[in-house]
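sequence first, predicted coordinates after that:
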Amino acid sequence: MTADRLLVAVFASPVSEVLLRWGAELGFRTALVEPDPERVPAGTPDLRVLAFAELDDELAAGTADVVVTDHHRDELGELLRDALARPARWIGVMGNPRHEGPHVAALTRLGVPPEDIARVHRPIGLDIGSRQPAEIALSTLAGLLADRNGRAGGVAHGS
């Protein structure tokens with residue numbers, strides 16, 4: 001059951017818009033963490049906050065899945081540090097798996113220990129060759145649902 005799970009999209013982006021909409025349809029409680037209110041599109045559903053501190057009550061249960069939807073933002077390190085300091089169940093950053101994510105250097109500069117940095121998943125979602133925002137959101141949500149259901153994800157090949 002996903003009703004006990006909170007899906008936190010970090011940064012307003014085309015991917016987070018789809019994640020929040022489809023996540024709600026899949027039964028997740030949803031929240032958007034966006035430190036710049038000017039970037040939040042009109043009509044963004046559910047909970048909108050500027051910082052993780054505003055979600056402390058929601059995060060206390062340890063059932064939150066945190067998805068960073070833009071790895072080029074200047075606030076990346078600070079927001080990931082704040083997420084790692086809370087009892088999030090799972091934290092992931094979107095990005096090309098062939099390159100080290102910029103979150104590693106950003107968190108290292110902030111003094112985050114390597115064992116905490118290692119808690120950040122990358123790549124995230126199922127490997128379906130996603131390129132467009134809806135495909136990336138679908139891949140991410142499918143991976144989270146597979147995890148929730150105790151599955152590895154992917155196509156089961158049977159005879």
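Done, it's in.

quick one: the strands in this protein?
Assigned by DSSP state E, the strands in the chain fall at 6-10, 29-33, 47-49, 64-68, 90-93, 120-121.

residues contacting the shortest one, please?
Residues outside strand 120-121 that contact it (CB atoms under 8 Å, 6 or more residues apart in numbering): 80, 84, 90-93, 101, 103, 107. C-beta coordinates here come from the backbone N, C-alpha and C atoms, glycine included.

ok, it: who's next to it in the sheet?
Sheet pairing of strand 120-121 (DSSP bridges) gives strand 90-93 (parallel).

just the CA trace of the strand it pairs with, in PDB.
C-alpha atoms of strand 90-93 as PDB (Å, rounded to 0.1, in the frame of the first residue of the first chain):
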ATOM      1  CA  TRP A  90      15.200   6.400   0.100                       C
ATOM      2  CA  ILE A  91      17.000   9.200  -1.700                       C
ATOM      3  CA  GLY A  92      17.800   9.300  -5.400                       C
ATOM      4  CA  VAL A  93      19.200  11.800  -7.900                       C
END
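
so residue 135 touches residue 127, yeah?
No: Residue 135 is beyond contact range of residue 127, at 11.5 Å (criterion: CB atoms under 8 Å).

so for those two, which sits in the more crowded spot?
In terms of neighbours (other CB atoms under 10 Å), residue 135 is the more surrounded of residue 135 and residue 127; the figures are 15 against 11.

just give me the residue right at the centre of this protein.
residue 67 (0.5 Å; CA atoms, centre = their mean).

against residue 22, how distant is that residue?
12 Å (CB to CB, to the nearest Å).

all helices of this protein, in order?
Per DSSP state H, the chain carries helices over the ranges 14-25, 56-59, 76-84, 102-109, 114-117, 133-148.
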